[in-house]
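A.B. asks: have a look at this prediction, sequence included:
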Amino acid sequence: MADATDRDDRTPHILIVLYPAQGHINPMLQFSKRLQKRGLKISLVTTNFIARTSHSIPSSFPLLTISDGYDDGGFASAESAQIYLDSLRQFGSESLREVLLRLSTSASPADCVVYDSFLSWALDIANEFEISTAVFFTQSCAVADIYYHVYKGLIELPLPDRAIEIPGLPPLQPPEFPSFIHQLGTYPAYYDLLVNQYANVDKADWIFCNTFYELEREVLECLKRIWPAIRAVGPSIPSGFLDGRIEDDRDYGFSLFNPDGDVSLKWLDGRRKGSVVYVSFGSLGKVPAEQMEEMAGCLKSSDWQFLWVVRTSDVEKLPKNFMAETRERGLVVRWCQQLEVLAHEAVGCFVTHCGWNSTLEGVSLGVPMVAVPGWTDQATNAKFITDVWKVGLKAPTNDNGVVNREALLQCIEEVMVGDKSNEIRQNAGIWKVLAQQVFEAGGSFDGVVHEFLTKRVSLF
Ligand code: UDP
């Protein structure tokens, strides 16, 4: 590695190594934009497949590619998640090593590798080159805390049938845990990935989390005792929706999906303030058929107008004629500019699967939420939405784990109008202001970047 004197006369070069999924790319990309704004040279590292097939890629960053072993078909063409993740680790490690080697003899060697916590092998490769490292957690700190306790063997598994206390967190009932822990054995490949991301985390120079201090204060304070290098750098969403310090930044700009142009926004333009229910279950699709049916039944029987993102993989689960029968009140799209939609004054509530990005986007834009969590970390996020930040309600599920139409409708009603709604809106407004303050000049984000540039890693 070039020493500090060599580096004095050149701009520090940071590699941002992305995990190939929309919900992972988005926050690290925003973080990259903010570092770039401070004058750092940033290169994004993604897989050959993502680089070749994405609908939009930001032109403001050099893009370096690595292989996941599935250059032609990506994750979808792998035989199983386990096989894909093993391949990503093997081919990703080899090709990241090649990238770092190439850069080491260039005019701009890498000074720091910031990697998604799902790619813990990236730290080992960076260490071979004695390059400093920062791990970036794209899930909440609460979820990071839970998996850490599992990794350390500090939580009884299978979970006992009672509330469980973990430092920094409210007592959690078993169904409020990430699904891979609550329902052990359902996705062993992801369980292993998530639990083992802590195996080398102590070696990282920095631990960045896509959250903000006020939002997860207790858990951050606890984690700081375990990892002094942990810092909150979120909410990592486009600056245009928070502080506006990055010009024209109203889109993540790296989209794996085909955007709908401004169809949704034009449709919203014609609607009354706070009159539309926005429904989205995230980027991965595959909502259970019964849940799709109940959602459709709820929207059809309600009087609310709605905008519903139904991913291509879920379209065939819509009841026949649903779109024709609801055309007067609703619009179904395959993908939309979610942040613009959430910021639109016509939107009155967000029915969400509680992916961490969607959760943070809803919180940061002050949109009341109806939580319909599915798998992975979503149930834990839903718990915080309802019981900790009190910015929404969680719809109860039936014996099949599905929220039926009546329960959904009741939650939507309560979040849209009435006393409960007023309380939720008030809380949502408070969180929105707190999220904006993070990025004000001299705010907590500036403090973290200053530290990052001057201490520990000592990039200058
Ligand atoms: N998103 C979007 N348009 C859509 C649906 C989702 O731009 O129509 C974005 C959303 O803003 C969020 C990301 O996709 O940034 C989804 O990430 P999240 O963590 O919420 O869920 P995941 O897709 O990982 O389950």
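C.D. replies: Done, it's in.
A.B. asks: so where's the stretch 201-350 of the chain uncertain?
C.D. replies: 285 (pLDDT under 70).
A.B. asks: how far does stretch 305-322 stretch from start to finish?
C.D. replies: 14 Å (CA to CA, to the nearest Å).
A.B. asks: tell me if that stretch is near the ligand.
C.D. replies: Yes: using CB under 6 Å from any ligand atom, stretch 305-322 reaches the ligand at residue 309. (C-beta placed from N, C-alpha, C; glycine too.)
A.B. asks: which other residues reach that stretch?
C.D. replies: 264, 267-268, 271, 275-281, 283-287, 289, 292-293, 295-297, 299-300, 326, 329-336, 338, 341, 347 (CB atoms under 8 Å, 6 or more residues apart in numbering).
A.B. asks: please identify the buried residues of it?
C.D. replies: 305-311, 314, 317-318, 322 (16 or more other CB atoms under 10 Å).
A.B. asks: can you report how many residues neighbour the residue nearest to residue 191 when sequence neighbours are not counted?
C.D. replies: Spatially, and ignoring its direct neighbours in sequence, residue 191 is nearest to residue 180 (4.3 Å; CB to CB, 6 or more residues apart in numbering). When neighbours are counted by other CB atoms under 10 Å, residue 180 registers 23.
A.B. asks: just say helix, strand or coil for residue 180.
C.D. replies: helix (DSSP: H, G, I helix; E, B strand; the rest coil).
A.B. asks: do I have it right that it meets residue 376?
C.D. replies: Yes: Residue 180 is within contact range of residue 376, at 6.6 Å (criterion: CB atoms under 8 Å).
A.B. asks: which residues do the two both contact?
C.D. replies: With CB under 8 Å, 6+ apart, residue 180 and residue 376 have common neighbours residue 190.
A.B. asks: distance of the residue nearest to residue 334 when sequence neighbours are not counted from residue 360?
C.D. replies: Nearest non-adjacent residue to residue 334, counting by CB to CB, 6+ apart: residue 312, 5.7 Å away. Separation of residue 312 from residue 360 (CB to CB, to the nearest Å): 25 Å.
A.B. asks: which SSE is the residue of the stretch 1-150 of the chain at minimum distance from the ligand in?
C.D. replies: The nearest approach of the stretch 1-150 of the chain to the ligand comes at residue 23, 2.4 Å away (CB to the nearest ligand atom). Applying DSSP states H and E as the criterion places residue 23 in helix 22-37.
A.B. asks: what's the local residue count around residue 101?
C.D. replies: 13.
A.B. asks: do you have the strands of the stretch 351-460 of the chain handy? List them.
C.D. replies: When assigned using DSSP state E, counting those that start in this stretch, the strands of the stretch 351-460 of the chain occupy the ranges 369-371, 392-394.
A.B. asks: right, and residue 114 touches residue 137 too?
C.D. replies: No: Residue 114 lies out of contact with residue 137 (CB under 8 Å); the separation is 11.3 Å.
A.B. asks: what touches both of those two?
C.D. replies: Residues touching both residue 114 and residue 137 (CB under 8 Å, 6+ apart) are residue 208.
A.B. asks: quick revisit: look up how far residue 182 lies from the residue nearest to residue 334.
C.D. replies: In terms of CB to CB, residue 312 sits 29 Å off from residue 182.
A.B. asks: ok, for the most centrally placed residue in the chain, nearest residue in space, not its chain neighbours?
C.D. replies: By CA atoms, centre = their mean, the chain has its centre lying nearest to residue 357, at 3.4 Å. With CB to CB, 6+ apart as the criterion, residue 357 has its nearest non-adjacent residue at 5.1 Å, and that residue is residue 23.
A.B. asks: contact partners for the one you found?
C.D. replies: 138, 282-284, 355-357.
A.B. asks: again, but for residue 333
C.D. replies: 260, 263-264, 307-310.
A.B. asks: of those residues, which belong to strands?
C.D. replies: 307-309 (DSSP state E).
A.B. asks: which one of those residues is nearest the ligand?
C.D. replies: residue 309 (3.9 Å).
A.B. asks: quick one: that closest one from residue 274, how far?
C.D. replies: For residue 309 relative to residue 274 (CB to CB), the value is 19 Å.
A.B. asks: and if you look at residue 133?
C.D. replies: Distance, residue 133 to residue 274, using CB to CB: 45 Å.
A.B. asks: these two: who's more crowded?
C.D. replies: The residue with more neighbours, out of residue 133 and residue 274, is residue 133; 24 against 15, by other CB under 10 Å.
A.B. asks: was I right to think that one contacts residue 203?
C.D. replies: Yes: at 7.2 Å, residue 133 counts as touching residue 203 under the criterion of CB under 8 Å.
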